[in-house]
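Participant: Below is the structure, and that's it, no one-letter string:
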């Protein structure tokens with residue numbers, strides 16, 4: 001009987017595997033070529049695709065958002081890049097070092113979606129342990145633990161046992177443990193999970209601070225406004241396949257452009273048939289908003305409104321949000337929240 005590797009050969013792809021010391025690797029923090037993870041049920045022998053043929057490059061100093069619905073393969077990708085999962089086929093490198101090697105992990109800080117904590121430790125003890133495991137001396141681990149406890153707003157509870165921490169407090173502690181050894185690459189799985197609005201803002205500030213230091217960040221999130229605010233580029237994953245990688249600004253600017261026209265009062269208007277399909281009317285206290293879905297027709301609509309005697313209060317261009325574009329892409333692909341990705 002043929003082996004699994006023989007039945008699933010590495011797919012040829014445009015990113016050629018190499019030893020990790022070429023010019024491309026000098027500018028790349030993360031590189032994946034044909035990275036694939038298939039799961040086989042031991043009872044039914046059915047194969048499920050966790051991730052298939054991922055080709056991805058992340059430049060040094062870049063912040064990339066990794067988005068997709070539940071079950072799309074985001075966590076699988078991050079575990080493959082940190083060596084926690086072994087790929088079925090394909091290869092990946094961290095700063096030119098093959099994923100899975102000790103050298104590839106020395107410069108990485110990883111925060112899983114559901115980090116495990118020794119709940120009998122205090123917050124300070126946990127951070128000191130994380131620092132020592134990252135190669136810091138006892139004195140340096142203690143100093144950095146104290147600094148990071150203050151940085152994530154946990155200085156007042158540093159001697160409290162972790163079993164008494166809330167979910168949000170644990171999330172902030174996990175992020176501090178991820179950063180304590182000053183990694184050059186952060187891989188974060190849902191770092192905003194369980195945080196209140198204030199906690200989310202603190203985490204955003206931390207990530208922006210790391211970005212200014214030149215740290216590379218790859219993080220998955222379902223909170224798309226945070227992705228839009230923080231990221232240089234976004235990668236969209238649907239059903240285990242990477243569907244698009246683009247700059248956030250390019251993606252949003254390429255979306256449908258709309259214009260909101262706010263009018264005084266609630267005028268009774270007979271909308272011309274040529275314009276009616278392009279306008280959505282929304283009533284507000286004391287005024288009416290007309291949302292025009294075709295910005296290039298603005299002059300025509302304004303001419304009609306002024307000719308109808310309508311007093312215009314404001315004309316505001318609007319652009320599609322990342323969330324709207326993501327939902328549109330998911331619906332167009334037939335994606336749902338829990339896709340079945342069975343293979344023969």
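Facilitator: Thanks, I have the structure now. Computed from a prediction, not measured in an experiment: that's the story for all the values here.

Participant: and residue 179, backbone torsions?
Facilitator: Torsion angles at residue 179 (phi, psi; degrees, to the nearest 10) stand at phi -100, psi -10.

Participant: any idea how far it lies from residue 131?
Facilitator: Residue 179 is 10 Å from residue 131, where distance means C-beta to C-beta, to the nearest Å. To be clear about C-beta, it is placed using only N, CA and C from the backbone, and glycine gets the same treatment.

Participant: Next: residue 317.
Facilitator: With C-beta to C-beta as the criterion, residue 317 and residue 131 are 49 Å apart.

Participant: With residue 216 instead?
Facilitator: With the distance defined as C-beta to C-beta, residue 216 ends up 21 Å from residue 131.

Participant: I'd assumed residue 29 was in a strand, is it?
Facilitator: Yes - under DSSP: H, G, I helix; E, B strand; the rest coil, residue 29 falls within a strand.

Participant: In contact with it, which residues are there?
Facilitator: Applying C-beta atoms under 8 Å, 6 or more residues apart in numbering, we find residue 29 in contact with 58, 59, 60, 61, 62, 94, 95, 184, 185, 216.

Participant: how about 10 Å then?
Facilitator: Contacts here follow C-beta atoms under 10 Å, 6 or more residues apart in numbering; on that basis residue 29 touches 57-62, 64, 93-96, 107-108, 184-187, 215-218.

Participant: Tell me the buried residues within the residues you listed.
Facilitator: Burial by neighbour count, judged by 16 or more other C-beta atoms under 10 Å, picks out 57-58, 61-62, 64, 93-96, 107-108, 184-187, 215-218 from these.

Participant: Filter those residues down to the ones in strands?
Facilitator: Taking DSSP state E as the definition of strands, the buried ones among the contacts of residue 29 contribute 57, 58, 64, 93, 94, 108, 185, 186, 187, 216, 217, 218.

Participant: Tell me the one of these nearest residue 297?
Facilitator: Using C-beta to C-beta, residue 64 comes nearest to residue 297 of those, at 36.0 Å.

Participant: pLDDT score for the closest one?
Facilitator: pLDDT, residue 64: 94.

Participant: Next: residue 334.
Facilitator: Predicted confidence (pLDDT) for residue 334: 59.

Participant: try residue 151
Facilitator: Looking at residue 151, its pLDDT is 91.

Participant: ok, now residue 218?
Facilitator: On the pLDDT scale, residue 218 gets 96.
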